[in-house]
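Visitor: coords please:
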Amino acid sequence: MLVVMRPEASQDEIDAVSKVAVAAGYDTQVFETEPGKIVVSVGVASPDAIDALEGLAGVAHVAVARDQGAPETSNLRIAGIRPLVPPAILVEQLPLPAEGAQLVQRTRREVSRILRGLDDRLVVVVGPCSIHDTDAARSYAEKLAPLAKELEADLRIVMRVYFEKPRTTVGWKGLVNDPNLNGSFAVNEGLAMARQFLLDVIALGIPAGCEFLDPITPQFIADAVSWGAIGARTTESQVHRNLTSGLSMPVGFKNGTDGDVQIAVVGDGVGNDRSHEEIMGRIAWSSGGRICYQRFDEPLSMLGFAAASDVFGASLYEPCGQIDQVGNLFGATATNRDTGGYHDKIRELRMKIDGSPQDVGNGFLFRDYDPDGLWFGLEKSTRFHRIPREIREAQIKRIMREVRERYDLRNMIAEYIGLYERLNDGKPLI
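Guide: Predicted coordinates for the structure are as follows:
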């Protein structure tokens, strides 16, 4: 509310107006203007207040802002909203044939067995960085199909079919978000193109692997995906870890973007036995925030080794350090208790540059299952992984070479799975 004074209004008249406004409950302030003065009164103008102010000497008129209702507070940064096609409708329009579903199911099982060491082939995810030209990508798939068939005795080839592009700042966000590459963001068109392309690849007999970025996207395409990925920019995202828990295929987590030390805690209870979860929970609670423990139920998620700097085998049923050996095979050190069978599998890492007669060891040991003990072991590991890269990598290569010379991965994992199955009342894990 503005009270505009006449140019000839005296200071007493201005003071009288301010006094009446304050008495009516308004905050007031006087501004010098041309040709006179304005008294600004902050508050919702009432008819009684307007009448009282307009009747005072020296007042030219009272200006009241037009009531425009409540201000808009939603979607202020949204350019437009378009309905998204329901996933069930798209799947109905572009169904996965029975033969394709069988390929997806078979490939998921094969990838799982390879990752567990029960199949001595390698999983090879190969293809373009992302799909932007479906015709060119389809030509690539046609050339890949006979090669995948030729090499299937040694390699399980999965075509990399990435439809979403995570961006640190700006840039094209992928076929699903912007299929026309022009900023039109025709998402419904992009989803249809992505699903159709997956069906085309599967029809050639090639399984597909996708990175899942938007947590909504899997509803439209996940049934046709044999292998999933969580990228570096989302690997530490709780949303994407929860998403992974609900996906039906093996999922790989990439290393994070910060390059810091990563500790993989591997292991879970068997059957209805969740004793070690209570132990780990107590450790996390007692550590004063230094250790975080979260249970993971997705047995086919490759959380453990490719992205980890160090592995800690937390399972009560760990058969003599096999988790630690697998970690070594993938270039991670191992941290665990200095007890039992671990004496045979983990030796304290010591280096000549620190005064040791020679470079030896593959991990770090601590005494007891208590917060200080575990934290002591992890601190040793963290210090090692933050030394200069050229020194650290020389030790990692030595550890990987030594473990490959001493252990057979296939037999090791087979023994590991077998033990869990016996403890799980003979029920197969795969």
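Visitor: any idea how far Ala203 is from Glu99?
Guide: Ala203 sits 8 Å away from Glu99, going by CB to CB, to the nearest Å. All C-beta spots, glycine's among them, are computed from the backbone N, C-alpha and C.
Visitor: between those two, who's got more neighbours?
Guide: Taking other CB atoms under 10 Å, Ala203 and Glu99 do not tie; Ala203 has more neighbours (14 against 11).
Visitor: leaving aside the residues next to it on the chain, what's closest to that one?
Guide: Of all residues not flanking Ala203 in the chain, Gly100 sits nearest, at 6.8 Å (CB to CB, 6 or more residues apart in numbering).
Visitor: The one you found: neighbour count?
Guide: The burial count for Gly100: 19, using other CB under 10 Å.
Visitor: In the helix or strand that contains it, which residues are buried?
Guide: According to DSSP states H and E, Gly100 maps onto helix 98-115. Neighbour counts over helix 98-115 (16 or more other CB atoms under 10 Å) mark Gly100, Leu103, Val104, Thr107, Arg108, Glu110, Val111, Ser112, Arg113, Ile114, Leu115 as buried.
Visitor: Take the residues you listed and write them to TSV, including pLDDT.
Guide: What follows is those, written out as TSV (pLDDT from 0 to 100):
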residue	pLDDT
Gly100	97
Leu103	97
Val104	97
Thr107	96
Arg108	94
Glu110	94
Val111	91
Ser112	87
Arg113	86
Ile114	86
Leu115	79
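Visitor: before we move on, the earlier item: can you tell me what sits against the helix holding Gly100?
Guide: 96, 119-123, 156, 158, 199, 202-203, 205, 207, 223-227, 248-250, 300, 302, 430 (CB atoms under 8 Å, 6 or more residues apart in numbering).
Visitor: neighbouring contacts of the host helix or strand of Phe364?
Guide: Applying DSSP H and E as the criterion places Phe364 in strand 363-366. Strand 363-366 has contacts (CB under 8 Å, 6+ apart) with 310, 324, 328, 333-338, 342, 346-349, 373-374, 376-378, 380-381, 384.
Visitor: pLDDT averaged over it - what is it?
Guide: The average pLDDT within strand 363-366 is 87.
Visitor: Can you list the buried residues in the next helix or strand after it?
Guide: Later in the chain than strand 363-366, the nearest helix or strand by DSSP H and E is helix 371-385. Residues of helix 371-385 classed as buried by neighbour count (16+ other CB under 10 Å): Pro371, Gly373, Leu374, Trp375, Phe376, Gly377, Leu378, Lys380, Ser381, Thr382, Phe384, His385.
Visitor: how about TSV for those, with distance to Arg233 and pLDDT added?
Guide: Output for the buried residues of helix 371-385, formatted as TSV (distance: CB to CB, whole Å; pLDDT from 0 to 100):
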residue	distance to Arg233	pLDDT
Pro371	32	61
Gly373	34	75
Leu374	29	76
Trp375	29	79
Phe376	32	83
Gly377	30	83
Leu378	25	83
Lys380	30	89
Ser381	25	89
Thr382	23	87
Phe384	27	92
His385	21	89
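Visitor: want to try CSV for these, with distance to Gly171 as columns?
Guide: Listed next are these as CSV, based on distance: CB to CB, whole Å:
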residue, distance to Gly171
Pro371, 44
Gly373, 46
Leu374, 42
Trp375, 41
Phe376, 44
Gly377, 42
Leu378, 37
Lys380, 41
Ser381, 36
Thr382, 34
Phe384, 36
His385, 31
